[in-house]
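Enquirer: pasting the structure only:
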Ligand SMILES: Nc1ncnc2c1ncn2[C@@H]1O[C@H](COP(=O)(O)OP(=O)(O)O)[C@@H](O)[C@H]1O
Ligand SMILES: CC(=O)OP(=O)(O)O
Ligand SMILES: [Mg+2]
């Protein structure tokens with residue numbers, strides 16, 4: 001069964017085509033700057049039989065996600081020759097960021113499910129509209145093909161109310177579902193599922209702290225395999241400091257700053273989402289590579305941004321040690337978590353009170369999925385490259401093959 005996995009952002013689209021259940025990636029790619037006349041498409045095709053792997057890039061006008069998906073299907077079937085025709089695509093799995101309280105598991109996309117995703121647009125304004133566009137465009141382009149939604153929020157539905165409620169009038173939860181949901185659940189679920197393979201212990205008996213540090217970033221406490229708390233809240237803005245998002249701030253800042261700077265609520269929300277975090281403090285960039293470089297060249301503002309970023313992640317780790325009364329495994333994943341030995345080392349250097357001891361060589365020079373603590377360390381520290389797409393392909397395949405077996 002061939003499963004196409006889509007992760008639609010506001011102006012981007014990432015995709016992978018898997019042959020399941022072998023979990024073989026046939027082609028992966030991405031389109032950036034959708035909505036412009038110089039949208040860029042990059043892909044790497046593996047070929048059906050592992051032979052003839054090749055890459056391609058192109059720049060063209062792509063005005064919306066529908067057009068982007070047409071181009072993806074063109075590349076998959078004609079340009080790369082990975083498939084003969086779109087009829088060989090059995091199912092499509094979509095990353096959907098906000099599923100609210102309705103979804104603790106992945107689900108087939110129906111009108112009702114799309115309605116629920118639309119209801120949550122206000123709670124994930126950067127993500128849900130793009131996810132919906134991708135779903136609707138796919139329905140147009142591949143009518144009749146089964147589509148599945150895999151929610152970032154689903155894994156965190158196991159949080160107990162004392163962790164997911166805000167200490168504000170309870171009626172706001174009852175009336176408007178104001179509560180903490182958490183995100184990056186597909187990533188936290190994937191990386192925690194890899195832990196037993198690395199530490200040779202059952203996840204059911206482990207206390208794990210998972211740090212997904214990418215453009216968006218979140219830290220999750222996973223006890224006995226279930227998320228019990230996570231740093232993002234009702235929206236993906238709460239929690240640690242991120243590339244361009246602030247993370248936690250005093251809510252009173254909103255009234256004060258909007259009055260002083262004559263900003264609207266929308267201006268303020270946009271400031272917290274797009275002009276804060278590493279970018280807001282450094283004045284340079286939200287990209288950790290640029291911050292690390294500038295810091296090394298002596299930029300004081302970039303050094304400050306780096307230190308704040310590291311400190312705020314470390315505070316959440318400390319909080320989750322308290323939440324679980326201990327920690328067995330600390331893991332790092334996503335763009336920054338996987339690729340910044342400096343950040344990992346700085347965080348771990350301040351956790352020696354836990355008996356945690358980092359193996360500097362494994363941290364600084366190792367590659368891929370690995371343990372980066374010493375054998376004497378009382379906490380096992382791991383780097384585990386995330387694979388949200390594989391998780392989405394697995395869920396999609398499970399649902400579709402379940403449906404097929406019921407039909408027999
Ligand atoms: N070698 C590196 N060193 C430090 N940070 C890196 C490196 N490579 C990538 N990153 C960071 O990873 C971020 C992207 O992470 P990623 O998980 O791909 O984000 P997203 O999925 O949210 O787009 C980039 O903004 C960049 O800051
Ligand atoms: C939910 C979220 O923040 O996702 P991303 O990191 O992909 O922006
Ligand atoms: Mg991501």
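Expert: Nice, thanks for sending it over. Everything numeric here is computed off the predicted structure, so don't read it as measured data. Ligands and ions are numbered 1, 2, ... in the order given.
Enquirer: So what's the residue count around the residue in the stretch 101-250 of the chain that ligand 2 sits nearest to?
Expert: Of all residues in the stretch 101-250 of the chain, residue 216 sits closest to ligand 2, at 2.4 Å by C-beta to the nearest ligand atom. From N, CA and C alone the C-beta is placed, and that goes for glycine too. When counting by other C-beta atoms under 10 Å, one arrives at 24 neighbours for residue 216.
Enquirer: Which residue ranges of the protein form strands?
Expert: 2-8, 13-19, 24-32, 36-45, 54-62, 89-96, 107-108, 146-151, 207-213, 217-223, 226-230, 329-333, 370-371, 380-383 (DSSP state E).
Enquirer: What strands line up against the fifth one, and which way round?
Expert: Looking back up the chat, that one is strand 54-62. Neighbouring strands of strand 54-62 in its sheet, by DSSP bridges, are strand 36-45 (antiparallel).
Enquirer: Pick out the residue in this protein sitting closest to ligand 1.
Expert: residue 335 (2.0 Å).
Enquirer: Next, work out how far apart that residue and ligand 2 are.
Expert: From residue 335 across to ligand 2, the span is 9 Å (C-beta to the nearest ligand atom, to the nearest Å).
Enquirer: Tell me how many other residues surround that residue.
Expert: With other C-beta under 10 Å as criterion, residue 335 counts 18.
Enquirer: List the residues that contact it.
Expert: Going by C-beta atoms under 8 Å, 6 or more residues apart in numbering, residue 335 touches 213-215, 288.
Enquirer: how about the nearest residue to the residue nearest in space to the middle of the chain, chain neighbours excluded?
Expert: In the chain, the residue lying closest to the centroid (C-alpha atoms, centre = their mean) is residue 184, at 4.0 Å. Leaving aside its chain neighbours, residue 184 sits nearest to residue 212 (4.5 Å; criterion: C-beta to C-beta, 6 or more residues apart in numbering).
Enquirer: Give me the distance between that neighbour and residue 388.
Expert: From residue 212 across to residue 388, the span is 10 Å (C-beta to C-beta, to the nearest Å).
Enquirer: got any ranges where the protein has weak pLDDT?
Expert: 47-51, 406-408 (pLDDT under 70).
Enquirer: circling back to that earlier point, surely the residue nearest to the centre of the chain touches residue 152?
Expert: Yes - using C-beta atoms under 8 Å, residue 184 is in contact with residue 152, at 5.8 Å.
Enquirer: centre of the chain versus stretch 395-408, how much separation?
Expert: When C-alpha coordinates are averaged (C-alpha atoms, centre = their mean, to the nearest Å), stretch 395-408 and its chain have centres 26 Å apart.
Enquirer: and if you look at stretch 282-300?
Expert: The answer for stretch 282-300 is 23 Å, by C-alpha atoms, centre = their mean.
Enquirer: got it, and stretch 362-369?
Expert: Distance, centroid of stretch 362-369 to centroid of chain: 22 Å (C-alpha atoms, centre = their mean).
Enquirer: still on that earlier bit, closest one of the contacts of residue 335 to residue 254?
Expert: Nearest to residue 254 among those is residue 215, at 23.1 Å by C-beta to C-beta.
Enquirer: I'd like to know how many residues surround the closest one.
Expert: So residue 215, with other C-beta under 10 Å, has 17 neighbours.
Enquirer: What parts of this structure come near ligand 1?
Expert: 214-216, 243, 287-289, 292, 334-336, 339-340 (C-beta under 6 Å from any ligand atom).
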